[in-house]
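In: When you get a sec, could you give me coordinates for this:
(chains A and B)
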Amino acid sequence: MRRLPLLSTVVAALSGGLALYLLFFQIPGLAGLRSYLLQSAASLAALALIVGIIHLLTVHLDKLIAGEERAVYSGVLVFALLLTFLLAFAFGPNFSYSYGSDATDRIEPANWLFQYVQTPIEISLMALLSISLLYAAGRLLRRRVNTFSVVFLISVVIALLGSSLVATGGFAGLSDAVATVSQWVARVPAVAGARGIILGVALGTIATGLRIIMGSDRPYGG
Amino acid sequence: MAELQCPACGQLNPDHLETCQHCQADLSALVSSPGDMPDESPMGMEGDDLADWLLSMREEEPDDDAGDEPDYPDEGDPGSPSAPGPSPSSAGIPDWLAALSDEVPPAAPEQPADSPEDDLADPSPAEQPLAEDPPHETQAIPPVDSPEGPPGWLTDLAEGEDSVEISGSSMQVGDLPDWIEGLVSSAGQLKAPPPAAEPETESPQAGADWLADLRGDDEGADSPDSDQPGGEIPDWLEGMDAIHEEIESTSMPAGDPDEGDPTGFAAEDEALDPSVPQVPDWISQLANQDPDPRESLETTDENGEEAPDWLEKLDSMAESPASEPEPDARAEETADPAGEGPTAPEPDGLAQPGFGEGIPDWLDELQSQTPPIFGEIQPGGDRPGEALPDWLQASSEEAELAGEDLSFEEESADPEPSEPAGAGEAQEDMPDWLSGMTLDAEAGEFEGESDEEEAIPDWLAGFEQPEVEEIAEEPDDEPLPDWLTTMVPAEDQPAGTAEQPPASMAEPGDFSPAAEAAGVPQVDEPGDAQEEADGIPDWLSNLQEQVPSLEQQEAGEVQDWDVDLPEGEQQAEVDDPEWLPAGEPDEKRDPLPAFSQGPDEIAPGDVPDWLEAMRPEDDAPAPVAPEVSDAPEQYGPLAGMRGLLSAEPGIGQAGKPEAYSVKLRISDAQQGSMEALRSMVEAETEPQPAGRKGLFSEQGILRWIIVTLLFLVVIFPFFLDLPISGLPPMARPMGNLGRLINDLPAGAPALVIVDFEPGMSGELNAAAGAVIDHLMLRETPLALVSSSPLGPALGERLVSRELAQHGYAYGQDYVNLGYIPGGATGLQNFANFPRASLPLGYDGLPFWGLLNIEAANPWNQAPLQNVGALSDFGLTLLVTDNPDTTRSWIEQVHPKLKPGTFVVIASAQAEPLILPYYNSGEGQVAVLVTGVAGGASYEAFLTREGPGRAYWDSLGLGALAAIVLLFGAGSFNLFLYYRQLESERKGRR
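Out: Numbering: from 1, shown residues only, chains lettered A, B, ... in the order given. Purely as a prediction, here's the structure:
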């Protein structure tokens, strides 16, 4: 066990270094190796997803068995998970059951759950988010009145104006002015900040990759 | 008058002469110890001879007064007590006095056998082994007197010991008091109760008292308790005692003479006051000389570099009043039956140069017990290694220049001042003791040495002579060991040689005084040596072992001054160091065999009691033997090695380490702050139950207002179905996307990447619907794929539900490749190996349908039959709401795509982060369609009605409502804020 971190580091460094090398230098004989490494990583990621699902199931099962106060929610989660898994895995994600002669007289259980349960829930959360953000922005000036709060609110208003009827309505010159300002804010300041973020992320990614290859950073543990 | 035949020249000499008048050979030995009878005890002399000798001595008293030679008694006087030896050592009692002492035991039958008298009368070791039967002296010593009793003169002598002493002193002024007084005091012990000290006890105190005894002898002389039965004391001694009493009565003031001076020492001094007319001259000289020893010692100290301990003790004894009679000490001193006590016989050895450095203190004290002999050895030399030449020189110089300045030792040991300058130069240059040693080395050539002996100054001869006789008359039960014999200073040896009896006396095994003085071992056979070794304790053996090395170290010094010797003698010195008995065979010099071969030798492990008592207490714990472990070392640089010494025991068991509290010392205020912070942190992690606020609370009303307003604004356009607003302005030209789709080759599949969440499906379906609708219009085969788990379902929903009017069928018009796990890695893998990375599709087959791999493989479906790589896709359409996912696709997959075919349909929130890739000159993103506005715009481009346009009015109204609410809520809250500030200001006022 004491040598496991060293082994992990060596494997990670060799895998990363070799994949990086094969990325820049196409070596025919080693193309299969590169594919193997990449597929192994993808498989491990999928397996990790399965492991995560199992872990989620066990946690909520434990809560359900323990009879905690809010175990009912865990029960709903477990039930929905098992039902979806059963319908999608057993009958397939696009499994269709025809209950009539018409082409429309059919039901797809897995897609039905997704379309009429999961998607509306998530859309509703997004709607609540918009109302919550609006409410928070309205109370911002009550809790803190400073330059950044004012700037934040002005930016929100300009962005909303660019999507509002003011910008697309027939308000003559107002609409053009609002559209111009909205587009300028979205293309210049926002893109400037976004590019900085992207460059930072790119540099961070390179540094992280090199650290992993060199063994300095071991996010896999040890 | 009897005549004595000189053993050297064979001439007859008057018996009163001590030296041969012809050859100057010493005749005193013949008197004291006949050379032809070496085995006989000195007391073997006939009583008649002894009586004559003593008679002559008494007859010569008037003639031998100290007036002529106050410091140096006449050596030529055979009757002089100096002949027996001036040494105050009890062991140096002349035989004639020893014989007298031997008379005493009958008078004190209760006296132990080891009484001083026994020591004095101890027969020669040849007759009596030392260690086996120490207290047999009285048995071995034949009575001097006839059975009918001692002669009258002896009775007188016994009765008047003081007189003996005085008379003796009169004949030998310089040294007589010491040894004779000791003798007298010893005799006094006979009358005293038996000493409590054990005869064998050789405690340092006993040895230290030896000197006190020497001094106390005088006291004993004065002590009235010294009376002995008159039958055992010779008459002449009694007469001497009477004389002494007379002196005391005359010199002392009225009253008890011993009052205030129990020792009588001072009284004696007073009695010896020369001013007293009744006192003879020699007594006066004696009185004058009594302090001389101390003075001489002091002088010696001044002249010497430093005084040895024994001299200091002697000095202190002289300074302190002799108020402590020490009969026990005397008894001990004189009652050394075995001769193994560190008493008188050892001083020579103790005086050996360098000897004092390696001996214990008690031996130093013992050393102090031998002032006469030791003083003779080192009168002026305190430092052992340097003393011998110096003292000899000083001795000679003193003898030559100022006889009155001679030290006590010289006075007591050198009764021959008559010829101070009579010796030749060679003899003067040569130390006497060395010459004597040389002579002894050639003991068999005694006669031949006589010439050289003549060259010895008379005073030196006399200096040696009494010592020889003293030694000769020492109790034979105390034979000097070889090593001590070798330590005998050479000054003793010339005298011995001068008075050397015939060669037979110097032969090994001879116990004659000459032989002893010459350092000849007292044994001439191994058996004898063994007998002698039997009487030697271990400590003496140890010292003996040390002696050669110490003296060898100083051999160089000896050789320095030895250069002046004549060649022959010098050669002898070179061959034989001075400390070795000259002429002694090598096997006899070495004392070790003799000490180690005795049957009665003390076992090496048997430590005598007295030595055990002296042994220093070892309080320290016994050393712990180091533990050697056979187990291999586990740690450290010695790991793997065996047989290593373990750590010292106790180090690892030093005890439990002191426990140091790690508790932080904080004050109460700090404790309170810490608790507050802890509670705050814990509160953040715990879910706070939603407060049951009233339905019409302040926040509730506001929230309900917001919800109601937004709901009405959003749903209002759907119900009215009126175009409230116009189309949004085209941020980017949509014509490029239209041309790209229109230019797609027939049958060329398009890759649609559905990579968003269901919550964003409303926006992205409206944005992507128009584009996908365009593709379906073009009957472009579609391949759905996603890097999100829900992406395949969303894609399937988008194609089969939203765009169901196109009638796309799975496997014929489109395929769903499914989910690409692994994030960027999976995308990389997919970009490089699309077929291998996604072998199964999201095709709606049950799990048992997966058994048919070929049928389940989407790449074998019609849309993808001609696709081997991503570059085979005519168009890649990415529908995403996540800028990170967009970046991954651009970075990992875009290089594998056909250039200029990558179109991104993104959420409005991701537009700022994706726009840089679109604006880049490399064309990483060919077309960017963002949000509902983008969909509505593309619908307008297509001149088709779609969800984009429908959503756009609702979105526009909702945004406007949000702005209004935001302004209204912001203004209200700002008002509240300033009102709160105003109230606070008022409160402050």
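
In: lowest-pLDDT helix or strand in chain A?
Out: Every helix and strand of chain A was ranked by mean pLDDT, DSSP states H and E. The lowest is helix A:165-168, at a mean of 74.

In: How far off centre is the helix ranked longest in chain A?
Out: Using DSSP state H to define each element, chain A has its longest helix at helix A:31-66. Its chain's C-alpha centre and that of helix A:31-66 lie 17 Å apart, by C-alpha atoms, centre = their mean, to the nearest Å.

In: I'd like the next helix or strand past that helix.
Out: helix A:71-85 (DSSP states H and E).

In: Could you check that following helix and say which residues are buried?
Out: Neighbour counts over helix A:71-85 (16 or more other C-beta atoms under 10 Å in any protein chain shown) mark A:A71, A:S74, A:L77, A:V78, A:T84 as buried. Quick note: C-beta positions are derived from backbone N, CA and C, even for glycine.

In: Where does the prediction get shaky in chain A?
Out: A:1-4, A:103, A:169-172, A:221-222 (pLDDT under 70).

In: if you set the cut-off to 90 instead, what comes out?
Out: A:1-50, A:64-73, A:80-124, A:126-199, A:201-202, A:205-206, A:208-222 (pLDDT under 90).

In: so the most centrally placed residue in it is in which element?
Out: With distances taken as C-alpha atoms, centre = their mean, A:E122 lies nearest the centre of chain A, 13.0 Å away. Assigned by DSSP H and E, A:E122 belongs to helix A:119-143.

In: So what touches the following helix or strand past that helix?
Out: Later in the chain than helix A:119-143, the nearest helix or strand by DSSP H and E is helix A:147-163. Residues from elsewhere that reach helix A:147-163 (C-beta atoms under 8 Å, 6 or more residues apart in numbering or on different chains): A:137, A:140-141, A:167, A:178-179, A:181-183, A:185-186, B:728, B:908, B:931, B:933, B:955-956, B:959-960, B:962-963, B:966-967, B:970.

In: which strands and helices sit next to the least confident helix or strand of chain A?
Out: helix A:172-187, helix B:947-988 (3 or more C-beta pairs under 8 Å, 6 or more residues apart in numbering or on different chains; DSSP states H and E).

In: quick one: buried residues of stretch A:162-180?
Out: Of the residues in stretch A:162-180, those buried under the neighbour-count criterion (16+ other C-beta under 10 Å) are A:G162, A:S163, A:S164, A:L165, A:V166, A:A167, A:T168, A:G169, A:S175, A:V178, A:A179.

In: how distant is it from the center of its chain?
Out: On C-alpha atoms, centre = their mean, the centre of stretch A:162-180 falls 33 Å from that of its chain.

In: Out of the helices and strands packed on helix A:165-168, which gets nearest to B:T685?
Out: helix B:947-988 (29.6 Å; C-beta to C-beta).

In: can the closest one be found next to chain A?
Out: Yes: Helix B:947-988 is in contact with chain A by C-beta under 8 Å from any C-beta of the partner chain, via B:952-953, B:955-957, B:959-960, B:962-963, B:965-974, B:976-977.

In: are any of those residues buried, and which?
Out: Taking 16+ other C-beta under 10 Å as the criterion, what is buried in the residues of helix B:947-988 next to chain A is B:952-953, B:955-957, B:959-960, B:962-963, B:965-966, B:969-970, B:973-974, B:977.

In: For B:A809, state which of those residues is nearest.
Out: Distance to B:A809, by C-beta to C-beta, is smallest for B:W952 among these, at 31.5 Å.

In: Please name the nearest non-neighbouring residue to the closest one.
Out: B:A936 (4.4 Å; C-beta to C-beta, 6 or more residues apart in numbering or on different chains).

In: Quick check: mean pLDDT of stretch B:7-20?
Out: Across stretch B:7-20, pLDDT averages out at 78.

In: and the helix holding A:E122, how far out from the chain's middle?
Out: For helix A:119-143, the distance to the chain centre is 19 Å (C-alpha atoms, centre = their mean).

In: Show me what it is packed up against.
Out: Secondary-structure packing of helix A:119-143 (3+ C-beta pairs under 8 Å, 6+ apart): helix A:147-163, helix B:698-720, helix B:761-777, helix B:947-988.

In: what do you get if the cut-off is 10 Å, keeping everything else the same?
Out: helix A:147-163, helix B:698-720, helix B:761-777, helix B:791-797, helix B:947-988 (3 or more C-beta pairs under 10 Å, 6 or more residues apart in numbering or on different chains; DSSP states H and E).

In: which of those has the lowest average pLDDT?
Out: Note on these: lowest mean pLDDT is at helix B:698-720, with a mean of 79.

In: Can I get that helix as PDB, trimmed to CA atoms?
Out: C-alpha atoms of helix B:698-720 as PDB (Å, rounded to 0.1, in the frame of the first residue of the first chain):
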ATOM      1  CA  GLU B 698     -43.700  41.900   3.200                       C
ATOM      2  CA  GLN B 699     -41.600  39.500   1.200                       C
ATOM      3  CA  GLY B 700     -44.400  37.300   0.300                       C
ATOM      4  CA  ILE B 701     -46.500  40.100  -1.100                       C
ATOM      5  CA  LEU B 702     -43.600  41.300  -3.200                       C
ATOM      6  CA  ARG B 703     -42.800  37.800  -4.400                       C
ATOM      7  CA  TRP B 704     -46.400  37.200  -5.300                       C
ATOM      8  CA  ILE B 705     -46.500  40.500  -7.200                       C
ATOM      9  CA  ILE B 706     -43.500  39.500  -9.200                       C
ATOM     10  CA  VAL B 707     -44.800  36.100 -10.000                       C
ATOM     11  CA  THR B 708     -48.200  37.400 -11.000                       C
ATOM     12  CA  LEU B 709     -46.800  40.100 -13.100                       C
ATOM     13  CA  LEU B 710     -44.300  37.900 -14.900                       C
ATOM     14  CA  PHE B 711     -46.800  35.200 -15.400                       C
ATOM     15  CA  LEU B 712     -49.200  37.500 -17.000                       C
ATOM     16  CA  VAL B 713     -46.600  39.200 -19.200                       C
ATOM     17  CA  VAL B 714     -45.200  35.900 -20.400                       C
ATOM     18  CA  ILE B 715     -48.400  34.000 -21.100                       C
ATOM     19  CA  PHE B 716     -50.200  37.000 -22.500                       C
ATOM     20  CA  PRO B 717     -48.600  36.800 -26.000                       C
ATOM     21  CA  PHE B 718     -49.500  33.100 -26.300                       C
ATOM     22  CA  PHE B 719     -53.100  33.800 -25.700                       C
ATOM     23  CA  LEU B 720     -53.300  36.900 -27.800                       C
END
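
In: hmm, it touching chain A?
Out: Yes: counting by C-beta under 10 Å from any C-beta of the partner chain, chain A is contacted by helix B:698-720 at B:Q699, B:L702, B:R703, B:I705, B:I706, B:V707, B:L709, B:L710, B:F711, B:V714.

In: ok, and what's touching the helix or strand following that helix?
Out: Remark: after helix B:698-720, the chain's next helix or strand is helix B:735-742, criterion DSSP H and E. Residues from elsewhere that reach helix B:735-742 (C-beta atoms under 10 Å, 6 or more residues apart in numbering or on different chains): B:733, B:750, B:770-772, B:774-775, B:777-778, B:780, B:874-875, B:877, B:900-903, B:905, B:926-929, B:934, B:938, B:941-942.

In: One more: stretch A:74-85?
Out: A:53, A:56-66, A:68, A:71, A:93, A:109-110, A:113-114, A:117-118.

In: Many thanks, have a good one.
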